[in-house]
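[1] Sequence plus predicted model, see below.
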Amino acid sequence: MANRTIIPFGPQHPVLPEPIHIDLVIEDEQVVEAIPSFGFIHRGLEKLAEKRDFTEFTFIAERICGICSYIHGMGYCQAIEAVMGLQIPERATYLRTMWSELSRIHSHMMWMGLLADAFGFENLFMACWRLREGVLDVIEETSGGRVIFGAAKVGGVRRDVSDEVLSRIPAQLKIVEDQLRDITNVFRDDYSTRQRLCGVGTLSEQDAYDLGAVGPVLRGSGAKLDTRMEGYAAYDKLDVEPIVETAGDCWARTMVRIREVYQSFDLLRQVIPMIPAGPVDMKVTGAPKGEYAARLEQPRGEVIYYVKGNGGKQLDRFRVRTPTFANIPPLLKMLQGCQLADVPVIVLTIDPCISCAER
Amino acid sequence: MSAPIQNYIEVIPPRLLEAVRAQQLAGARLVQICCTRLEEFEILYSFSRPGFFEHLRIRIPDSSVAVPSISPIYSGSFAYENEIHDLFGISFTGLNIDYRGNFFQNIGFCADGGAGNENRGKRGEIKVPRIGSLTRKQFQGLEK
């Protein structure tokens, strides 16, 4: 029997943007078991919801994470609106959809850069992040923020976007999309990229489903599940199809995300001309009484916002189940049997967002 | 496709596993487990399958009452159950991977002064090896 060794991975590791600790039990160079632990950046944000006015908490919800910030705020508002039975203005639902897709593009492009960095392709990392700036510029122009949009609001959105700005966005994104094709070719065809990604960290469709995987991890294993199909915000007016790959390895998860970027460009081309005129928010009176679990599709996968109100200004319970947390059991399955050198790449292909997972 | 209607179903703790098994047989996916602390503890198990989004709710009077783990049915539930144990102090019986209060590190401020108190010092200082009991047993096995 080979010697077993315990290798601590994280919380500080070059490949990890945020702290998570995984104890890797290895035999020679092969991982036989992985044991994670959390809590390095647990902030108690769910508890904080019980101390704040439910409208004020939108600002905190947007700060659960620094990447998918807008969808956190939007999901929280959507859950509150469902409990209160609010029908928000139509223009707000379209603007929410637009910002959600912009979030997805910038998150996936950031992740593509991080993945390239993880397997030592620094030039590709820089190319991805340079290109992402073009998307951040659009976000800044429309919302006023680059990372924290500050646009979510119970009852609509906090900020309108002029038609003149909206009309410019497709052309701005077309430039980014055209340049992205060169990068896509590298991820898809480059020898070294394929060597590091193909056949690594394979997860079967059955395992992904049974272990509760979500998002690109689930769809990269062949499952056709995308929460946007449920038609929240304005997605019911758009042509959305889940992006699916069947190989279940790191390369498949990468391809799902890259194809989702193109899908988001397409969705933006659909949604922007459809944005109707009208108000972007409504007056909210009263307080939430009841419970609701809102489901949305973040860049990393399905996210759940559960709210329970008692008719007062403070909620009884606010709970976020983030995609990273749901993808931890599948990650442990992927790590079993892999080579130690592949661990950073496999960990990155779930797109770990630890501040989301710990809240 | 529109969002499925959400059903909240009350279940008594002894019938929990039976209800969860029925969800699994229906092809449902475990979406989340959520604990809410009111005058009593509510634990909500959410399941999803095409066209359905159902929540099973059990209520327990306090954190001293152990709850049967659903990890024999949904193996990925260990993450949620260990999280609830660490943040709310509720124990789960039959858990497939039990971290005994060490899943969330450095939590010295949570419910009842921190779950898994037997393993902790002040403000989350861990008295035992950092990783959970399961692994410690494995470590002991390795050392032999």
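    Now that the structure is in, tell me what you want to look at. Everything numeric here is computed off the predicted structure, so don't read it as measured data. Numbering: from 1, shown residues only, chains lettered A, B, ... in the order given.

[2] near chain B, which residues of the stretch 251-359 of chain A?
    Taking C-beta under 8 Å from any C-beta of the partner chain, the part of the stretch 251-359 of chain A that reaches chain B is made up of A:291-293, A:295, A:302, A:304, A:306, A:308, A:316-317, A:319, A:321, A:325-326, A:328-330, A:358. Quick note: C-beta positions are derived from backbone N, CA and C, even for glycine.

[3] Buried only: go through those residues for me.
    By neighbour count, with 16 or more other C-beta atoms under 10 Å in any protein chain shown, those hold A:291-293, A:295, A:302, A:304, A:306, A:308, A:316-317, A:319, A:321, A:325-326, A:328-330, A:358 as buried.

[4] For chain B, which segments count as strands?
    Assigned by DSSP state E, chain B shows strands spanning B:6-10, B:29-37, B:41-49, B:52-60, B:67-68, B:92-93.

[5] quick one, which of those strands is nearest to chain A?
    Among the strands of chain B, the nearest to chain A by C-beta to the nearest C-beta is strand B:29-37 (3.8 Å).

[6] and the closest one, which strands flank it?
    strand B:41-49 (antiparallel) (DSSP bridges).

[7] which other residues reach stretch A:99-108?
    Stretch A:99-108 has contacts (C-beta atoms under 8 Å, 6 or more residues apart in numbering or on different chains) with A:67-71, A:74, A:132, A:135-136, A:138-139, A:142-143, A:149, A:151, A:157, A:173, A:176, A:233, A:257-258, A:260-261, A:264-265, A:267-268, A:271, A:296, A:298-300, A:351.

[8] follow-up on the earlier one: now tabulate the strands of chain B in CSV and tack on mean neighbour count and mean pLDDT.
    Below are the strands of chain B laid out as CSV (neighbours: other C-beta atoms under 10 Å in any protein chain shown; pLDDT from 0 to 100):
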stretch, mean neighbour count, mean pLDDT
strand B:6-10, 12, 87
strand B:29-37, 22, 89
strand B:41-49, 21, 90
strand B:52-60, 18, 89
strand B:67-68, 19, 89
strand B:92-93, 16, 86
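
[9] Of all those strands, which one comes closest to A:A116?
    A:A116 lies closest to strand B:29-37 among the strands of chain B, at 31.9 Å (C-beta to C-beta).

[10] where's the closest one relative to the chain centroid, distance-wise?
    The chain centroid and the centroid of strand B:29-37 are separated by 8 Å under C-alpha atoms, centre = their mean, to the nearest Å.

[11] Likewise for stretch A:283-290?
    Distance, stretch centre to chain centre, for stretch A:283-290: 28 Å (C-alpha atoms, centre = their mean).

[12] now the end-to-end length of that stretch.
    By C-alpha to C-alpha, to the nearest Å, the extent of stretch A:283-290 from end to end equals 20 Å.

[13] What lies in contact with it?
    Contacts for stretch A:283-290 (C-beta under 8 Å, 6+ apart): A:54-55, A:80, A:83-84, A:86, A:154-155, A:307-313, A:315.

[14] at 7 Å what do you get?
    Stretch A:283-290 is contacted from outside by A:54-55, A:80, A:83-84, A:86, A:154-155, A:307, A:309-313, A:315, using C-beta atoms under 7 Å, 6 or more residues apart in numbering or on different chains.

[15] Which per-residue confidence value corresponds to the most centrally placed residue in chain B?
    For chain B, the residue nearest the mean C-alpha position is B:E81 (1.5 Å; C-alpha atoms, centre = their mean). With respect to pLDDT, B:E81 scores 89.

[16] go on, B:E18?
    Note on B:E18: pLDDT of 90.

[17] do B:G27 as well
    Value for B:G27, per-residue pLDDT: 86.

[18] Could you find the closest non-adjacent residue to it?
    Residue nearest to B:G27 in three dimensions, not counting chain neighbours: B:R49, with 5.2 Å by C-beta to C-beta, 6 or more residues apart in numbering or on different chains.

[19] Quick check: the gap between the residue nearest the centre of chain A and A:T322.
    Nearest to the mean C-alpha position of chain A, counting by C-alpha atoms, centre = their mean, stands A:P299 at 2.7 Å. The span separating A:P299 from A:T322 equals 11 Å under the rule C-beta to C-beta, to the nearest Å.

[20] got it, and A:M109?
    Here the criterion is C-beta to C-beta. By it, A:M109 lies 20 Å from A:T322.

[21] What segments of chain B are helices?
    With DSSP state H, the ranges of helices along chain B come out as B:16-25, B:78-88, B:133-143.

[22] The shortest one close to chain A?
    No. Contact of helix B:16-25 with chain A (C-beta under 7 Å from any C-beta of the partner chain) is absent, the minimum separation being 9.1 Å.

[23] Residues contacting that helix, please?
    Contacts of helix B:16-25 (C-beta under 7 Å, 6+ apart): B:V11, B:Y45, B:F47, B:L56, B:I58, B:P68, B:I70, B:I73, B:Y74.

[24] In the top helix by length along chain A, which residues are buried?
    Counting by DSSP H, the longest helix found in chain A is helix A:90-118. Neighbour-count burial for helix A:90-118 flags A:90-118 (criterion: 16+ other C-beta under 10 Å).

[25] out of everything not next to it in sequence, what's closest to B:L30?
    Per C-beta to C-beta, 6+ apart, closest to B:L30 is B:Y74, 4.3 Å.

[26] Quick check: the one you found touching B:V31?
    No. B:Y74 lies out of contact with B:V31 (C-beta atoms under 7 Å); the separation is 10.3 Å.

[27] what residue ranges in the stretch 1-150 of chain A score low on pLDDT?
    Applying pLDDT under 70 to the stretch 1-150 of chain A picks out residues A:1.

[28] Residues of it that sit close to chain B?
    So the stretch 1-150 of chain A meets chain B at A:R4, A:D23, A:V25, A:I35, A:S37, A:F38, A:G39, A:F40, A:H42 (C-beta under 7 Å from any C-beta).
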